[in-house]
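> Quick one, fold the following:
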Amino acid sequence: MTATAPRNAVILAAGFGLRLRPITDARPKPLVEVNGTPILHNALQHLEAMGVRKVTIVVGYRKDAIQYSCGRRFGTLDVDYVESDVFDKTGSAYSLWLARDALLSGDTYLLEGDVFFELDALRCLSLGDADNVAAVAPFSPAMEGSAVVLTNNGYIAEVRMKQTAANLTDGSPPLFKTMNLIRFSGEALGRTIVPHLNDIIRAGAIKSYVEELLSDLVRLKGLQIAAARCDSLKWYEIDNETDLRIAEAMFTTAREIAC
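Residues are numbered from 1 along each chain as shown. Coordinates of the predicted model:
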């Protein structure tokens, strides 16, 4: 069974991209190019191909550059912007909270603006009949950051922060890297996710990250999030110049990632 693809998307694109300096001195990280295609344009092209109609982009650092580059209309997409004036003092969960009105529009894709990926990664989020789905890939020794442990039937059982190769030990459950591509149902957003976002921001946790939100949703709220295994697909989270070079080698030409 294939679930209906969302018509809405939110992209978090407010951060500095400090580890990509000096490249990001002149441009925001979402506009850094992989073989001639900006990271953000790649995401928008793929969302358009999936039938998305409206995208809300949370902007902060060099917001004018993103707004100029993407405009109010990108292909067939209507593009709206939510501006963060405190992007240098807050985490990604705060940026997501700023877009809460867009999240209440119904089923929604949530993307972070530093992931370069192929279209099939979004297609995988609509396979099966789960309401909430996160794209994941096996956690390799070269990776670091958040990771998830899965249940036997393919749902996220636990979100673990700050994982490295040292956590890949014999006898431990397999780890999977979150790809920062998620599909949330309108029901979950309205009933659980946005209310919890409201709670943590009101409690002052403005430096929290989306990965911490996911952990809360699974551990505290019992939200069921299926894992879409993207083991064979090409994608890369670009945090520094080494990541950028790896992504350029992975996606050999701009033509290869065109929709």
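
> alpha carbons only for contacts and neighbour counts from here, please
Noted.

> Give me the secondary structure label for residue 122.
State at residue 122, reduced to three classes by DSSP: H, G, I helix; E, B strand; the rest coil: helix.

> so it makes contact with residue 179?
No. In this structure, residue 122 is not within contact of residue 179 by Cα atoms under 8 Å, at 10.8 Å.

> Please name the nearest non-neighbouring residue to residue 159.
residue 148 (4.5 Å; Cα to Cα, 6 or more residues apart in numbering).

> and the one you found, what does it touch?
156-160, 175-178 (Cα atoms under 8 Å, 6 or more residues apart in numbering).

> Among these, which one has the most neighbours?
residue 156 (25 neighbours; other Cα atoms under 10 Å).

> and it, how far is that from residue 49?
Using Cα to Cα, to the nearest Å, we find residue 156 at a distance of 27 Å from residue 49.

> continuing past the helix or strand that contains residue 55, what's the next helix or strand?
Using DSSP states H and E, residue 55 sits in strand 54-59. Downstream of strand 54-59, the first helix or strand assigned by DSSP H and E is helix 63-70.

> what's that following helix packed up against?
Packing partners of helix 63-70 (3 or more Cα pairs under 8 Å, 6 or more residues apart in numbering; DSSP states H and E): strand 77-83.

> Could you tell me the angle between the strand it packs on and strand 54-59?
Using axes from the mean of the first three to the mean of the last three Cα atoms, to 10 degrees, the direction of strand 77-83 lies 30 degrees away from that of strand 54-59.

> Now do residue 15 against residue 22, distance only.
From residue 15 to residue 22 the distance is 15 Å (Cα to Cα).

> just residue 221 next, same as before
Counting by Cα to Cα, the separation of residue 221 from residue 22 is 41 Å.

> quick one, helices of the chain?
Assigned by DSSP state H, the chain shows helices spanning 23-26, 39-49, 63-70, 92-98, 100-103, 120-124, 186-188, 194-202, 210-219, 241-250, 254-257.
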